[in-house]
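In: here's my sequence, what's the structure:
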Amino acid sequence: MKSLTSQQLRHLSKKLSYILRHQPQSIGLKLDEYGWANVKELLQKLQKHQTKITWDDLEEVVSENNKQRFAFNEDKTRIRASQGHSIPIKLGYESIEPPEILFHGTAQKYLNSILKEGLEKRNRHHVHLSVDIETAQNVGKRHGKVVILEIQSSKMYHDGMRFFCSENGVWLTNFVPTNYLKVLNIG
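Out: Numbers count the residues shown, from 1 in each chain. Next up, the predicted model:
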């Protein structure tokens, strides 16, 4: 049964992203080396820091998040962000062969730098890639006028670069050199 409004879901999702991907210490939470947090502890610490959230609310945020940013372990006693961390953790993903082509959405203002230096992970663990253009567009439009890049991922893989696929279907790699990039569209 859904009990949260879309605004409440968005607010809690952003709060969880901030805590589980970037700043667990902001509420005094400790993640294990794989980024997992104890659910009971997370709920208690959020309550202590003026975030009203129940177990049912947390379960709703995890299940309703359109990007499936969060995952529970099998017995739902632990939770973690699926990817996008700026803190050091071990995601534990196995390297696998990607689809022939993947996509990356970015803002036009970053295009010159990307075409000069390649697609870098910057302060994240990996570069995030999608299997479809629509997802790449949704990601890119958050940052300005959208540019879609086509990535020759199979060629990269066969040239020795590693790829991982997160629990929510986001493809991850450490770096995309310029010779594997093609600009599909701008705007």
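
In: His22 touches His85, doesn't it?
Out: Yes - in this structure, His22 is within contact of His85 by CB atoms under 8 Å, at 7.2 Å. No exception for glycine: its C-beta is placed from N, CA and C like everyone else's.

In: who has more neighbours, these two?
Out: The neighbour comparison of His22 against His85 (other CB atoms under 10 Å) goes to His85, with 20 against 16.

In: quick one: the closest residue to the more buried one other than its chain neighbours from Ile53, how far?
Out: Nearest residue to His85, sequence neighbours excluded (CB to CB, 6 or more residues apart in numbering): Arg21, at 4.9 Å. From Arg21 over to Ile53 the distance is 17 Å, taken as CB to CB, to the nearest Å.

In: okay, these two: which has more neighbours?
Out: More crowded of Arg21 and Ile53, by other CB under 10 Å: Arg21, with 23 against 18.

In: okay, and the helix or strand of the chain with the least pLDDT?
Out: strand 181-186 (a mean of 85; mean pLDDT, DSSP states H and E).

In: list the buried residues in it.
Out: Residues of strand 181-186 classed as buried: Leu181 (neighbour count, 16 or more other CB atoms under 10 Å).

In: now the helices for this protein?
Out: Taking DSSP state H to define them, one finds helices in the chain at 6-17, 39-48, 55-64, 111-117, 133-140, 153-158.

In: nearest to Val183 among these would be which one?
Out: helix 111-117 (7.1 Å; CB to CB).

In: mind giving me the packing neighbours of that closest one?
Out: Helices and strands touching helix 111-117, by 3 or more CB pairs under 8 Å, 6 or more residues apart in numbering; DSSP states H and E, are strand 181-186.

In: what's around Thr164, how many residues?
Out: Slight slip there: residue 164 is Phe, not Thr. 19.

In: just give the nearest non-adjacent residue to it, would you?
Out: In space, Phe164 is closest to Tyr93, 3.8 Å off (CB to CB, 6+ apart).

In: the nearest residue to Thr77 once chain neighbours are set aside and Leu184: what is the separation?
Out: Excluding the flanking residues, the one nearest Thr77 by CB to CB, 6+ apart is Val39, at 5.7 Å. Per CB to CB, Val39 is found 41 Å from Leu184.

In: and if you look at Ser95?
Out: Here the criterion is CB to CB. By it, Ser95 lies 26 Å from Leu184.

In: equivalent analysis for Leu172, please.
Out: 20 Å.

In: and if you look at Gln108?
Out: 13 Å.
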